[in-house]
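> how does the following fold in three dimensions:
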Amino acid sequence: VGWAVIDGELVRTGQGGDLVTDQQYANFELTLEWKVPPRGNSGVIYRIDPASEVTYTSGPEMQILDDDGHADGKSPLTSAGADYGLYPAPRGVVKPATQWNSARLLVNGNHVEHWLNDMKVVEYELLSADWMQRMQASKFKAWSGYGRASRGFIALQDHGDRVAFRNIRIRELP
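Numbers count the residues shown, from 1 in each chain. I've put the predicted structure just below:
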């Protein structure tokens, strides 16, 4: 409910909740293309603990956003490509609303990379001292399991806005 395939695109068309994989992943490379309308907001949330009732309380998020039109685009910590709220993405990489952006999410052990339009925009180590410090200084400190799962589900976020995805590919890594 709330998601449909339209002209080969996976589109959030109405309220329905996050679209979550039926399989859990530990180490993987996920590539996809996304576009949002003006002021659009979504994300890719990964390593979601199966015990979590809400995806974002356990899984880190690669932000999908219209940086120019959405309020979250004013901060590099919450702009397109960022590890939402923890690691900022540089300016000028995301394409304007209604245009396709390519994303690559690499998760291998605790090493994570976010790529946006063929540029690495974020790189970090889950559970490192730096990551722990950032997490403790954020809203995520309220959720004891946040970012701690070594494997979990992947979700395309229903943040209330229309978003389209295409060319979604996932490759498990050893």
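> gap between the two ends of stretch 71-87?
The first and last residues of stretch 71-87 sit 17 Å apart, counting by CA to CA, to the nearest Å.
> what's next to that stretch, contact-wise?
By CB atoms under 8 Å, 6 or more residues apart in numbering, the surrounding residues in contact with stretch 71-87 are 41, 43, 60-67, 88-91, 93-94, 101, 103, 112, 114-116, 121-122, 124, 131, 134-135, 138-140. Any C-beta I mention is one placed from the backbone N, CA and C, and that applies to glycine too.
> any chance you could map the strands in this structure?
Along the chain, counting by DSSP state E, strands occupy 3-6, 9-12, 19-20, 28-35, 41-48, 61-65, 101-108, 111-116, 119-125, 153-156, 164-172.
> quick one: contacts for residue 40?
Residue 40 neighbours (CB under 8 Å, 6+ apart): 64, 65, 66, 69, 70, 97, 161, 162, 163.
> sorry, back to before: point out the most buried one among the strands of the chain.
Highest mean neighbour count of these: strand 61-65, a mean of 27 (counted as mean count of other CB atoms under 10 Å).
> and that strand, how far out from the chain middle?
4 Å (CA atoms, centre = their mean, to the nearest Å).
> remind me what that strand packs against, helices and strands.
Applying 3 or more CB pairs under 8 Å, 6 or more residues apart in numbering; DSSP states H and E, one finds that strand 61-65 contacts strand 41-48, strand 101-108.
> which stretch among those comes nearest residue 28?
strand 101-108 (5.7 Å; CB to CB).
> what lines up beside the closest one in the sheet?
Applying DSSP bridges to the sheet, strand 101-108 is found paired with strand 28-35 (antiparallel), strand 111-116 (antiparallel).
> now do that strand, average pLDDT.
Average pLDDT, strand 101-108: 98.
> using CSV, list the CA coordinates for it.
Provided in CSV are the C-alpha atoms of strand 101-108 (Å, rounded to 0.1, in the frame of the first residue of the first chain):
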residue,chain,number,x,y,z
ASN,A,101,20.4,11.2,-8.8
SER,A,102,22.6,8.1,-8.5
ALA,A,103,23.4,6.7,-5.1
ARG,A,104,25.7,4.0,-3.9
LEU,A,105,25.8,2.7,-0.3
LEU,A,106,28.7,0.5,0.6
VAL,A,107,28.5,-1.3,4.0
ASN,A,108,31.3,-3.7,4.8
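> can you tell me what sits against it?
Residues outside strand 101-108 that contact it (CB under 8 Å, 6+ apart): 25-35, 44, 46-47, 62, 64, 80-81, 94-95, 112-118, 173.
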